[in-house]
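Asks: Predicted structure and sequence below. I'll ask about it afterward.
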Amino acid sequence: MQKRPLGKSTLSVNPIGLGCMGFSEFYGAPSPQDEAIATIHAALDLGVDHFDTAEMYGMGANEKLLGKALKGKRETVVIATKFGIGRDPKTGAVTGLDGSRAALIRSCEKSLKALDTDVIDLYYQHRMDPATPIEETMEALAELVQAGKIKAIGLSECSADTLRRACAIHPVAAVQSEYSLFSRDIEQSVIPACIELGVTLTAYSPLGRGMLTGRYSADKKDLEATDYRQTNPRFSAENYAANIALVDEVKAIAKRHNAHPAQIALAWVLAQGPHVIAIPGTTKISNLRSNMQAGDIVLDEADKKALLALSEKVKGDRYADMRAVNR
Ligand code: ATR
């Protein structure tokens, strides 16, 4: 697949990267370290050149895993990580959002150490901090660029207005937001702002947190009780069955293309334009191999129409509390 630039930065990546969160937490038990490292190495062999992590995933464990797996292979890849969500080290509970200069400079040093690297390629503010003006955060991030600690700046789940204010201080290379057939709310204003400002949209959860892959049964038996998705409105008792039923259409389209439903979901995201890249999460080499082939699928107009029709029928918000996103 042809690489896509990250905004107006000097970086460019394969349109499909790897979301690494699931190796450490949120989607069931963490992967054994040797398996996770084997998957990351397989990803490199399959052409993955962009790995997405965050300080908060596994409270440093996810960054450490990536640092270890990419040791000696650092030069060939883009590492993206994120700051700004505080967690209690004992309980893991989220303690708040902090976009202040002092906090992000501290976080950056911690992430550099955990990742075992001298520079972070793409450094995102994970969630916008309502108590710190975006201008202050951007000025501190610009200092980190100047100091050579980070190469490019990203914002995750910002609003179009915040993005405009941010770009007035320093170029933003990428906005990361949830975007999939099941989550198209950012088409209203965030994506148009990205296009206008020359910012890449990094689509996380492009597989609807796994739902669009068709792997989950209607009785929800295959999700562990502690899985984060149990608290997600799309997976709630009232919405789950209706949403799972929508995946039948994706499966039918996949059958016509002799493809996997996950490949169809990814092909749809990538077809939105050269300003979009996707970072599906997977802990399994076989799923990764399949996902990486999604770029070869060309959806026709009938496919696109059917996919848009199903996307209108999704039940439930993408988060229980939507105030933390598009802010
Ligand atoms: P996120 O960005 O939040 O990780 P996502 O990319 O929409 O969410 O979906 C991730 C989920 O889809 C994971 O549960 C992943 O499970 P594995 O770790 O077991 O792979 C699942 N997933 C990813 N690719 C898949 C595929 N090709 N087939 C089946 N499940 C897949």
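Replies: Ah, there it is.
Asks: alpha carbons only for contacts and neighbour counts from here, please
Replies: Noted.
Asks: any chance you could map the strands in the stretch 101-250 of the chain?
Replies: Along the stretch 101-250 of the chain, counting by DSSP state E, counting those that start in this stretch, strands occupy 120-125, 150-156, 174-178, 200-204.
Asks: can you put those in CSV and add distance to residue 113, mean neighbour count and mean pLDDT?
Replies: Listed next are the strands of the stretch 101-250 of the chain as CSV, based on distance: least, C-alpha to C-alpha, whole Å; neighbours: other C-alpha atoms under 10 Å; pLDDT from 0 to 100:
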stretch, distance to residue 113, mean neighbour count, mean pLDDT
strand 120-125, 11, 25, 98
strand 150-156, 13, 26, 98
strand 174-178, 23, 25, 98
strand 200-204, 25, 25, 99
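Asks: just so I know, which of the ones you listed lies nearest the ligand?
Replies: The ligand sits nearest to strand 200-204 of all the strands of the stretch 101-250 of the chain, at 4.4 Å, using C-alpha to the nearest ligand atom.
Asks: Convert the C-alpha atoms of that closest one to PDB, please.
Replies: What follows is the C-alpha trace of strand 200-204 in PDB, where atoms were taken according to Å, rounded to 0.1, in the frame of the first residue of the first chain:
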ATOM      1  CA  THR A 200      -4.400  13.500   9.100                       C
ATOM      2  CA  LEU A 201      -7.200  11.600  10.800                       C
ATOM      3  CA  THR A 202      -6.000   8.500  12.600                       C
ATOM      4  CA  ALA A 203      -9.000   6.200  13.000                       C
ATOM      5  CA  TYR A 204      -9.000   4.200  16.200                       C
END
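Asks: Check which strands are paired with that strand and give the direction for each one.
Replies: strand 174-178 (parallel), strand 276-278 (parallel) (DSSP bridges).
Asks: Run through who's touching stretch 79-86.
Replies: The contact list for stretch 79-86 (C-alpha atoms under 8 Å, 6 or more residues apart in numbering) reads 50-56, 63, 94-99, 103-104, 107-108, 111, 120-129.
Asks: Turn the strands of the stretch 101-250 of the chain into JSON lines, columns for distance to the ligand.
Replies: Listed next are those as JSON lines, based on distance: least, C-alpha to the nearest ligand atom, whole Å:
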{"stretch": "strand 120-125", "distance to the ligand": "15"}
{"stretch": "strand 150-156", "distance to the ligand": "13"}
{"stretch": "strand 174-178", "distance to the ligand": "8"}
{"stretch": "strand 200-204", "distance to the ligand": "4"}
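Asks: Could you export those to TSV, including columns for distance to residue 163?
Replies: Below are the strands of the stretch 101-250 of the chain laid out as TSV (distance: least, C-alpha to C-alpha, whole Å):
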stretch	distance to residue 163
strand 120-125	12
strand 150-156	8
strand 174-178	8
strand 200-204	12
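Asks: bridging residues for the residue nearest the centre of the chain?
Replies: When C-alpha atoms, centre = their mean is applied to the chain, the residue found nearest the centroid is residue 204 (2.8 Å). With beta bridges defined as DSSP bridges, residue 204 has these partners: residue 178.
Asks: That one and residue 176 touch, don't they?
Replies: Yes. Assessed by C-alpha atoms under 8 Å, residue 204 is found in contact with residue 176 at 6.8 Å.
Asks: residues making contact with the longest helix along the chain?
Replies: The longest helix of the chain (DSSP state H) is helix 240-257. The contact list for helix 240-257, computed with C-alpha under 8 Å, 6+ apart, reads 211-214, 216-219, 234, 260-261, 263-265, 297, 303, 306-307, 310, 313-315.
Asks: For the following helix or strand past it, which helices and strands make contact with it?
Replies: The helix or strand immediately downstream of helix 240-257 is helix 261-270, counting by DSSP states H and E. Judged by 3 or more C-alpha pairs under 8 Å, 6 or more residues apart in numbering; DSSP states H and E, helix 261-270 is in contact with helix 240-257, strand 276-278, helix 285-292.
Asks: Residue numbers of the stretch 1-150 of the chain in contact with the ligand?
Replies: Where the stretch 1-150 of the chain comes near the ligand, counting by C-alpha under 6 Å from any ligand atom, the residues are 19, 22, 27.
Asks: The residue lying closest to residue 11 once chain neighbours are set aside and the ligand: what is the separation?
Replies: Distances taken as C-alpha to C-alpha, 6 or more residues apart in numbering place residue 5 nearest to residue 11, at 5.9 Å, with adjacent residues excluded. Distance from residue 5 to the ligand, counting by C-alpha to the nearest ligand atom, to the nearest Å: 20 Å.
Asks: where's residue 5 relative to residue 276, distance?
Replies: To residue 276, residue 5 is 10 Å away according to C-alpha to C-alpha, to the nearest Å.
Asks: which residues are common contacts for these two?
Replies: With C-alpha under 8 Å, 6+ apart as the test, residue 5 and residue 276 both reach residue 200.
Asks: higher neighbour count, those two?
Replies: Of the pair residue 5 and residue 276, residue 276 is the one with more neighbours under other C-alpha atoms under 10 Å, namely 27 against 22.
Asks: Run through the residues that contact the more buried one.
Replies: 15, 200, 201, 202, 203, 269, 270.
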